[in-house]
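**Student:** after the sequence you'll find the predicted model.
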Amino acid sequence: MVIYNQIQQAKPLEGKAGSSVALGCFDGLHLGHAAVIHKAVQLAGQTLTPAVFTFTMNHDHPQGKHAASRLITQEDKEELLAAWGVQLELNPDFSQFREMSPHEFFREILLERLEAKSICCGMDFRFGKNAGGDVYQLARFCHDCGIHLELVPEVDLFGSRVSSTRIRRLLEEGRVEAANQLLGRAFGYCLLVIQGKRLGRTLDSPTINQPFPKDFVAIKHGVYASVTLVENQWRPSVTNIGLRPTVENTDQVNSETYICDYAGDLYGQKVAVRLIQFLRPEQKFPDVETLRAGIQGDVREARPIAEKYLKAHSLN
């Protein structure tokens, strides 16, 4: 997949007659986002480039969008888009196009840069300065230029629309299994492993420590059954998300994962972790020995849950 972070650099792949573009923030790549993107890939066929227009919010954010609660890391986002058949991702920062009028956005990005022949989006898609353009205006632009516009219906699950806001709320409540159903996959992250206090090694439970970015979604603090990708293999694991109150005094939210049957050195690498089931809230143990017993108990509880999940699901 070719990735452009600057609008001025974007162009369709050579040998293609233009692009079939999925439009959206795509901040979670949940089932609703997947429906829009899969339709764009389908409509691309063999003649068009399957493309996604999305954006980052490092400097500013559109009306109604969360600037500080990403549901997916950039590495996971790119990997998933490629797996879905996307061949081109235009991913500028919002600041690059925030002042464009709806017509300028349509002309400069969709016509001139992506050479769109087909466009897919949800019914609530808005574009242009101050979110001034809606799907009805987009439909007029597309009609005037002979571009096919596909408005993809919303996806409902358990009686309500699948949305990033709904998923964030579930994660804040620790209801990761429900969040995973709305995502269509296990929620997780791919983050850098840093060197911690190495206390886990003295407890016969070596762990990997991954600080969360400040703009990542809030997740209920506690212990989760999880799976972790190590050396191209998903392994059962148990993850504590929180502030590590037994050993530290900090406000930095951290993911600390014990990987079953693995004791290698992963410092400095980006490692993917997926959360499967919430086990218990985070707690402060009175001493290190009690902490050791707690970790061992968490591993005994988490391992069969993770192993069952790995047998039933493909994470590729």
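**Tutor:** Nice, I can see it. Numbers count the residues shown, from 1 in each chain.
**Student:** how about stretch 41-54: buried residues?
**Tutor:** V41, L43, A44, L48, T49, P50, A51, V52, F53, T54 (16 or more other C-beta atoms under 10 Å). Where C-beta positions appear, they are placed from N, C-alpha and C, glycine not excepted.
**Student:** with just CA atoms, put it into CSV.
**Tutor:** C-alpha atoms of stretch 41-54 as CSV (Å, rounded to 0.1, in the frame of the first residue of the first chain):
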residue,chain,number,x,y,z
VAL,A,41,-12.4,-1.7,-2.9
GLN,A,42,-15.2,-3.7,-4.6
LEU,A,43,-16.1,-0.9,-6.9
ALA,A,44,-12.4,-0.4,-7.9
GLY,A,45,-12.4,-3.7,-9.7
GLN,A,46,-9.4,-4.2,-11.9
THR,A,47,-9.3,-0.7,-13.5
LEU,A,48,-9.3,1.7,-10.5
THR,A,49,-7.0,2.2,-7.5
PRO,A,50,-8.7,1.2,-4.3
ALA,A,51,-8.0,4.3,-2.1
VAL,A,52,-8.8,5.7,1.3
PHE,A,53,-8.9,9.4,2.2
THR,A,54,-8.5,9.7,6.0
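**Student:** could I get the average pLDDT for it?
**Tutor:** Mean pLDDT, stretch 41-54: 96.
**Student:** among the buried residues of stretch 41-54, which are in strands?
**Tutor:** Those of those mapping onto strands are T49, P50, A51, V52, F53, per DSSP state E.
**Student:** can you pull out the helices in the protein?
**Tutor:** With DSSP state H, the ranges of helices along the chain come out as 31-44, 74-83, 102-104, 135-145, 164-172, 176-183, 199-202, 288-312.
**Student:** distance to Q233 added to these, as CSV?
**Tutor:** Formatted as CSV, these follow (distance: least, C-beta to C-beta, whole Å):
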stretch, distance to Q233
helix 31-44, 26
helix 74-83, 16
helix 102-104, 48
helix 135-145, 44
helix 164-172, 26
helix 176-183, 21
helix 199-202, 21
helix 288-312, 10
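**Student:** of all these, which one is nearest H221?
**Tutor:** Smallest distance to H221 across those (C-beta to C-beta): 10.2 Å, for helix 164-172.
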